[in-house]
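Chemist: got a predicted model here, sequence first, then my questions.
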Amino acid sequence: MQLGIITAIAWIIAILWYKSDPSYEPLLAVLAGAATLFASFMTPKRLSMNDVRKLASRQLQNHLAKEKNSRKYIPSICVEVSSVKDQARCFAHPVLFLQKSIDDLQMLNFDSVNRFLEQLSLPPIQLDDKFTQGTAKKLTELPEQLKVKQIQLTRVLDQLRPLSVMHHQNPASPIEITASMQYRYRDMKFSIGMASQGLIFDVEDATENLNILSSRILLIISRAGQGKTNFVCDFAETVLTRRQIPCVFFTGREFNHVVPEKIGEYITREIFGDHMTNLDEALCYLNQLASKSNHPFIIIIDGINEHRSIETFSHYLEAFIEKAICHENIRLIVTCREEYFEERFSNLVASSFADKIFLVKSLGRCMSGIHKTELVNGYFRFFNLNYPLLSEQAREKLENDTLLLRIFCEAYGDVNAARLIQLPQIIDIYRDTVFREYFRRKLASASASDGDVSSSRARNRYREVLSLIVDAMLSGCKFSDIPLADFHEEYDDTIEALVGEDVIIRKDLKSIDDILDKRVEVLNFTFDEFRDFLLANHLVNVVFPRNRLEFELILDRLINPSSLVAEGIKTYLFFAARQPNGEGVLRIIERKGWYGDLFIKSIFSAEEASITEEDIAGIRTRFYESPRYASWIVRMLVWRWRTTLYPRLNILLLFEILDTIDDADYEKLIRPGFTRFGMWGFDGSYSWEVEELTDDLRGALTPDHLPDSEEFVNLMRFLIYLFPILDKENRSYPAFDTFMIFSKIDPDTAVKLLGAHASVRNVGVRSQIWRMLTYMRSRKDIPNDIVDKACNILLELDSRDEKNDPLGKEIVWFLQEYWAQNRITYRQAVVEKMDIYSQRH
Amino acid sequence: MYIREISTSKLFAVFDRRYTQDEFRAACQVVPGSYADFFVLEMHRCLFDHARDIRAEYKKYYAIEYPTISDFLFWKYGIDKETAQQIASKLTKSTFVGYSRDTMRIFDDETVKSVLKEILSALGEFFDENSD
C-alpha cells in the first residue's frame, strides 16, 4: 500500500515536470510512472495474519465436516484418552503447559526421602529454585528454557534412581553409604526405596513432558480401529479450535489424487486457494502466524497409511516434513496404522528429524477402565443397540478391542434405525459368529449400493470375487498386494463396488521392478483378522471338499513359525471346522502338533451351544498335560461361574477336576497359575495372582451386597481349593481370609461347603478346611456328621507317614476345640490317634 | 470428606476447606514433637501441602475445554459421572479438591484412615461412606 502511494506521488511529480517542460525525458518519466503504478495495483495483495488465520480455520472446519459426514469422526462416540490427550496438549500449547509441568513439579513431596537421607548424613534432594523461575512467556524462548530444565530434571533423577527398590533402575553400586551408616541403611533400604519410587515416576513423567514440549512431530501409531481419526479430529475440534491454536487438517487418502512430488503445492493450495502457490512462502506465513499468536501452527496428517502408493508417498512426505519443520513454529501431528508403520514408514524414524519425533504407541492401551466403558456405551447408543444383559466377559472383550466393538456394532446395529434394536442376552462375544454376520451385512449393503437389491445374484458375484482373491492368496502363499491384473476384467465392476464399501477390501498402488510399468494396482483386505477368517472358511468350504491332499499341503505350508497368517488361520480354522460340514477338517487338524494349544486357547470362545461331550473330555485330559493349560483352563472355567448362562461348560467341570487332584499335581498344575510370574496366559497376560480374584470378590462380601444367587456360592466353593496359596509377599492366605469373611456373613452355607469338601484328595487343602472349621466352631454349631467325619479321617490317617502330619494336627485341633465347647466323648481309638498327633511338633 | 485412590498411590480428595497444620494438630491434641505429631503432619502434608489444587488447575488450564468441572473430573481424573456430579453440586467457595501422591502409602493403613476420620470429624467434616 505504502509503495503504491509513493509511486503515485512520483507519477504526479513526473506529470507536473512534463507540464512545465514537455520534452522527451519528462514524457518517459510520466509513462514509466504510469506503468509502475499499474503494476503496483496488479500485484496480489499481501495477506494479513488475520486472513491467514481465517483461511486455515476454514480449511480445518471443512475437513472436520467431511470426516463427520463420512462417519470417520463420530463425536458422540468419541472417548478421550486422557493421558495421550494431555501429551498432545503439551505438544500444541507448549508455553502454557510448560507452566503446568512446573506447577506439578512444585507439588512433589521430597520430605520423606530427605528425612531418610538426613539420617544417613547425605545431602537432601530438591528441585533447584531456578527451575520454577523464568518460565517462558514466548514461543521463541522455549527451546533454551527447556534445555536448562531438562538438565535439572536429569540431575534429580540421577540422585533418586540409586535409591529405588526396583532392580532394573539400580546401578551396580546402589548408593554410596559410609561404613558407619551401613547398618542404618540396611534397616531403611525398603522404606527409602518406597518413598523414592513414586517420585521417580513423577519426575520421569515430567521429563517426558519436557520432551513433548520440545518435539516437533507427534507421531501416533496404533492398530486399526483404535480411534486415531476420532482422536485427532476431537483434539482439533475441542482443544485446538477452542484454544485458538492455528491448525490445518489433511488425510493420507486425499493425497491419492495428488502427484506425490506435489504434495507441498497441494497443501499450499488447500489452505491458501488462489492466494498463493509457493510452499516456502506459505510456510513462512504459517510460521509468522504462529509466532504472532504465540502458539505453534499445527499441521495434522491423519492416516498416512491410507495413501495408495505408500512407498512414493512416504518419501515425499518425509521431504515435506523436513521442509515444514525448518520453520521453528510449525509442528505436525501424524497418525498411522501400526501394521504399516514399520514396513512402510520406517524412513520417518530414520530421517533427519528423527530426534524431533515424539512417538505415541497404541491409543487403546492408554485408555482407563471407566472411559472404556463409556466407549462401549457410546457405540451401542450410536448404533441403536439395546440389550438386557451384557456379561462381564463380553464387555471386557469389547472394551479391549475397539475394532471388534466396531465390527460387532456394524454387524448387529443400524445408525439409521427408527427405534432401538433389541439384542438377546450377550453372554460372550464369539468372533466367528460376529464376523459371519458382519460379512453377510456388508455383502448385502454392497449389493444394495450396486442397485441389485432384489436378487441374490449380486451377493453371489461378490462371493465369487472374494473367493478368487482368497484362492489367489492361498495358491501364491501371499496375503497382501494381490495384483488387480490377475483378475479377469469381467470382475472389474464387482471389485470396484467392493472397494467402494471400504470395509472388506481396498485398492492400493504398488511399485514393482519393471522398467516399463513402475506401479500396479493391488488388492488388500481392510482388516487382517477378517482376511484370516475368510481364508480359514475358504479352506474348509472350498479347498477341503475339492481335494483333501491339497488341503493338507496348503495347511502345512501356511502353519509354519514364520507365517504371518498362521495364528489367525489356526483360530478361524478351529471355528470353521466346528460347523456342520467341518467334521473331516476337524479330524485332520486334531492330529497336528499345534492342535493342543489351539484347542485350549479357543474352546472357551466357542458358542456354548456348540460344546460337546467330546470337548469336555478333551479339556479334562489336557488339563494334566501342562501347567500352562491347567492355568488357562482354571481361569476360563472360573469366569464361567454362572452355570445358568453356561449350562454346558462351566465351573462345575473345574470342581470335578479339583476334587480328584493329588498333592503332586496340585503343586505342578494349580499353584504356579496363582503365583506371580508363574504362567503366561494365551491372552499374553501373566498368571492370575490369587489376590486379583479375592480383591474382586471382597467387594461383594458385605451383608448388604452379598449376591442373592446360588451361583455366587460357586466362587466361594472355588476359594476352598485355593486355601493353601500364599499372597505375593508370602504373608497371608488371601483365599482363606476371604472365605473367612464369607463365613461370617453366611455361616450355614460356609459350613456346608467345608463339610462337603473335607475329603478332597489334596492334603494341603484338606488341612486348611479343618483349620477354617476350627475357627468357625465358636460362631456356629458344627453338625455332628462333620465331627464324625473328622474322627473317621483321623482314624484312616497313616500316622507313620509324616506327610499326613499337618492334616492330622489340624483335625486334632478341631476335635479338641470342639470338645472344649461341647464336652462330648470321643471313641478310644480316636483319642489315641489324637494323642499321637498332639505330641508331634 | 471424600477420598479415593484413583491409581497406585494417587489420591483424589475433597474437603469442605483447606485445613492448616495447626488445625490438624489441635483437632487430635497430639503432643508437639511426638511421633503422633509427626504422623499427623505427614498426613496433612500429603493431603494439602503437596496436593494439586484441582479447582485451580481446572480454571487455569482446562476450563476452556470442559464446560463444567464434573466433565473435567470424569475425563481427566476418571471419576465416575455420578460422583463427579455430586462433587460439583456440593462445591462451595472454600471446598478444596486435591490430588496427590501418597509417597509412603500411609493411607493404606486402617488406623491412619480412622485417625484422619477422627480429626476431620472434630473439624466438622462429614465423611462420605463411598470413600475408599
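Modeler: In hand now; what should we look at?
Chemist: which ones are touching the closest residue to chain B within chain A?
Modeler: Using C-beta to the nearest C-beta, residue A:109 is the residue of chain A that sits closest to chain B, at 3.9 Å. Every C-beta, even on glycine, is put in place using the N, C-alpha and C of the backbone. Shown here is residue A:109, whose contacts under the criterion C-beta atoms under 8 Å, 6 or more residues apart in numbering or on different chains are A:199, B:45, B:46, B:49, B:50, B:100, B:101, B:103.
Chemist: residue A:532 touches residue A:565, doesn't it?
Modeler: Yes: using C-beta atoms under 8 Å, residue A:532 and residue A:565 qualify as a contacting pair, with a distance of 5.7 Å.
Chemist: the two: which is more packed in?
Modeler: Remark: of residue A:532 and residue A:565, residue A:532 carries more neighbours, 23 against 20, as counted by other C-beta atoms under 10 Å in any protein chain shown.
Chemist: model confidence for the nearest residue to the more buried one once chain neighbours are set aside, exactly?
Modeler: Ranked by C-beta to C-beta, 6 or more residues apart in numbering or on different chains and with sequence neighbours excluded, the top spatial neighbour of residue A:532 is residue A:568, at 2.9 Å. The confidence metric pLDDT takes the value 87 at residue A:568.
Chemist: sheet partners, orientation included, of the lowest-mean-pLDDT helix or strand in chain B?
Modeler: Least confident helix or strand, chain B: strand B:2-7 with a mean of 83, by mean pLDDT, DSSP states H and E. Sheet neighbours of strand B:2-7, with direction, are listed as strand B:10-15 (antiparallel) (DSSP bridges).
Chemist: sort out which residues of whichever helix or strand comes after the partner strand are buried, please.
Modeler: Scanning the chain past strand B:10-15 towards its C-terminal end, the next helix or strand to appear is helix B:21-28 (assignment: DSSP states H and E). When neighbours are counted by 16 or more other C-beta atoms under 10 Å in any protein chain shown, the buried residues of helix B:21-28 are found to be B:24, B:25, B:27, B:28.
Chemist: over to stretch A:417-436?
Modeler: Of the residues in stretch A:417-436, those with enough neighbours to count as buried (16+ other C-beta under 10 Å) are A:423, A:426, A:427, A:428, A:429, A:430, A:431, A:432, A:433, A:434, A:435, A:436.
Chemist: and the end-to-end length of it?
Modeler: 21 Å (C-alpha to C-alpha, to the nearest Å).
Chemist: let me see the mean pLDDT of it.
Modeler: Across stretch A:417-436, the average pLDDT comes to 87.
Chemist: assess the claim that residue A:87 and residue A:211 are in contact.
Modeler: No: using C-beta under 8 Å, residue A:87 is not in contact with residue A:211; the gap is 9.7 Å.
Chemist: more neighbours, the two?
Modeler: Each of residue A:87 and residue A:211 has its neighbours counted (other C-beta under 10 Å); residue A:87 has more, 23 against 15.
Chemist: give me the pLDDT for that one.
Modeler: pLDDT, the model's per-residue confidence, is 94 for residue A:87.
Chemist: just residue A:779 next, same as before
Modeler: We note a pLDDT of 68 for residue A:779 in this prediction.
Chemist: how close does the closest residue to chain A within chain B get to residue B:103?
Modeler: For chain B, the residue positioned closest to chain A under C-beta to the nearest C-beta is residue B:50, at a distance of 3.9 Å. As judged by C-beta to C-beta, to the nearest Å, residue B:50 and residue B:103 stand 8 Å apart.
Chemist: neighbour count for those two, which is higher?
Modeler: Relative neighbour count places residue B:103 above the other of residue B:50 and residue B:103, with 24 against 19, counting by other C-beta under 10 Å.
Chemist: OK, contacts around the more buried one?
Modeler: Under the criterion of C-beta under 8 Å, 6+ apart, the contact partners of residue B:103 comprise A:109, A:112, A:113, A:194, A:195, A:198, A:199, B:9, B:46.
Chemist: count of residues packed around the nearest residue to residue B:24 once chain neighbours are set aside?
Modeler: Of all residues not flanking residue B:24 in the chain, residue B:44 sits nearest, at 4.7 Å (C-beta to C-beta, 6+ apart). Look at residue B:44: counted by other C-beta under 10 Å, it has 20 neighbours.
Chemist: ok so residue B:44 is a helix residue?
Modeler: Yes: secondary structure of residue B:44, determined by DSSP: H, G, I helix; E, B strand; the rest coil: located in a helix.
Chemist: quick one: it and residue B:21 touch, right?
Modeler: Yes: taking C-beta under 8 Å as the contact criterion, residue B:44 and residue B:21 are neighbours in contact, 5.2 Å apart.
Chemist: in chain B, which segments are predicted with low confidence?
Modeler: Scanning chain B with the threshold set as pLDDT under 70 gives B:129-132.
Chemist: can you pull out the helices in chain B?
Modeler: Ranges of helices in chain B, per DSSP state H, are B:21-28, B:35-44, B:54-57, B:69-77, B:81-90, B:110-122.
Chemist: just how off-centre is the helix or strand hosting residue A:266 within its chain?
Modeler: Take DSSP H and E as the rule and residue A:266 turns out to sit in helix A:263-272. Remark: helix A:263-272 is offset 35 Å from the chain centroid, using C-alpha atoms, centre = their mean, to the nearest Å.
Chemist: same question, stretch A:580-588
Modeler: Put simply, stretch A:580-588 sits 35 Å off its chain's centre (C-alpha atoms, centre = their mean).
Chemist: for that stretch, which positions count as buried?
Modeler: Residues of stretch A:580-588 classed as buried under the neighbour-count rule (16+ other C-beta under 10 Å) are A:582, A:585, A:586, A:588.
Chemist: closest to residue A:546 among these?
Modeler: Comparing the buried residues of stretch A:580-588 against residue A:546 with C-beta to C-beta picks out residue A:585 as the nearest, at 12.6 Å.
Chemist: OK, contacts around the closest residue to the closest one other than its chain neighbours?
Modeler: With sequence-adjacent residues excluded and distances taken as C-beta to C-beta, 6+ apart, residue A:585 is closest to residue A:577, at 4.2 Å. By C-beta under 8 Å, 6+ apart, the contact list for residue A:577 reads A:540, A:583, A:585, A:586, A:589.
Chemist: measure residue A:577 to residue A:592 for me?
Modeler: Taken as C-beta to C-beta, the spacing of residue A:577 relative to residue A:592 amounts to 11 Å.
Chemist: what does residue B:83 give?
Modeler: For residue B:83, the distance to residue A:592 equals 52 Å [C-beta to C-beta].
Chemist: and what of residue A:525?
Modeler: Distance from residue A:525 to residue A:592, counting by C-beta to C-beta: 25 Å.
Chemist: how about residue A:65?
Modeler: Here the criterion is C-beta to C-beta. By it, residue A:65 lies 53 Å from residue A:592.
Chemist: neighbour count for those two, which is higher?
Modeler: Between residue A:65 and residue A:592, counting by other C-beta under 10 Å, residue A:592 is the more crowded of the two (14 against 11).
Chemist: so the more buried one makes contact with residue A:559?
Modeler: Yes: between residue A:592 and residue A:559 a contact is recorded at 7.4 Å, counting by C-beta under 8 Å.
Chemist: what does residue A:122 show for phi and psi?
Modeler: phi -110, psi 150 (degrees, to the nearest 10).
Chemist: what's near enough to touch it?
Modeler: Under the criterion of C-beta under 8 Å, 6+ apart, the contact list for residue A:122 reads residue A:177.
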